[in-house]
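Asker: Compute the structure for the input listed below.
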Amino acid sequence: MTGTAKVRTCIWVASDGAAAARLYTSLLPGSRIETEERLDNMATGEPGGVGIIDLTLAGTPYQILEAGPHQEHTDMMSISVQTEDQAETDRLWAALTGDGGTESQCGWLRDRWGVRWQIVPRRLSELMGSGSARQRQAVMAALMGMGRIDIAALEAAHAAAAA
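Answerer: Predicted coordinates for the structure are as follows:
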């Protein structure tokens with residue numbers, strides 16, 4: 001660990017970790033690449049083996065370990081981003097699913113490096129915490145049919161269930 005944070009979540013990618021770090025830090029205010037280093041290949045001693053990039057995403061420390069395709073990401077670990085509005089939700093969704101990423105359900109996606117993300121508007125929490133049980137169930141039912149979360153559709157489901 002070369003950065004200043006004592007604890008970092010390490011994200012293992014097969015290759016092109018620097019490109020992942022550049023994309024990730026370009027998406028969220030308060031983000032930056034702190035350090036980038038290449039370790040010699042442990043088996044051969046040749047330079048340019050594993051890459052390690054320490055970065056901060058919106059104030060949270062991470063580390064990218066570029067170490068080959070030995071492991072695959074699962075939904076058991078994801079980066080969750082709470083967005084302020086539909087524009088931010090759409091911008092992040094497009095950037096992370098573009099160039100080889102894939103959409104999933106309920107605000108989940110996988111970027112081109114296989115890293116799982118949840119892009120969740122703050123409004124979802126507000127709707128799930130207000131109104132009747134029927135309204136909350138209607139919001140959940142609408143959410144289950146979405147990939148990228150559509151705030152207007154969630155609000156419409158909440159309002160319709162109030163009648």
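Asker: quick one, helices of the protein?
Answerer: Residue ranges of the helices in the chain, as given by DSSP state H, are 17-27, 86-97, 122-128, 133-144, 151-162.
Asker: nearest to residue 66, of the ones you listed?
Answerer: For residue 66, the closest of the helices of the chain is helix 17-27, at 3.3 Å, according to CB to CB. Any C-beta I mention is one placed from the backbone N, CA and C, and that applies to glycine too.
Asker: hmm, who's touching the closest one?
Answerer: 11, 13, 31-33, 36, 51-53, 55-57, 62, 64-66, 91-92, 95-96, 111, 113, 115 (CB atoms under 8 Å, 6 or more residues apart in numbering).
Asker: Now do the contacts for residue 78.
Answerer: 108, 115, 116, 117, 118 are the contacts of residue 78 under CB under 8 Å, 6+ apart.
Asker: measure it to residue 104 for me?
Answerer: 10 Å (CB to CB, to the nearest Å).
Asker: which of the contacts of helix 17-27 are buried?
Answerer: Buried members of the contacts of helix 17-27, counted by 16 or more other CB atoms under 10 Å: 11, 13, 31, 33, 36, 51-53, 55-57, 62, 64-66, 92, 95-96, 111, 113, 115.
Asker: that older thread, which ones among the contacts of helix 17-27 are found in strands?
Answerer: Cross-referencing the contacts of helix 17-27 against strands under DSSP state E gives 11, 13, 32-33, 36, 51-53, 55-57, 62, 64-66.
Asker: in this structure, which ranges drop under the pLDDT threshold?
Answerer: Along the chain, the parts satisfying pLDDT under 70 run over 1-3, 40-50.
Asker: center of it, which residue is that?
Answerer: The chain has residue 117 as the residue nearest its centroid, 2.9 Å off, counting by CA atoms, centre = their mean.
Asker: Verify the stated contact: that residue with residue 104.
Answerer: No. Look at residue 117 against residue 104 with CB atoms under 8 Å: they stay out of range, at 9.3 Å.
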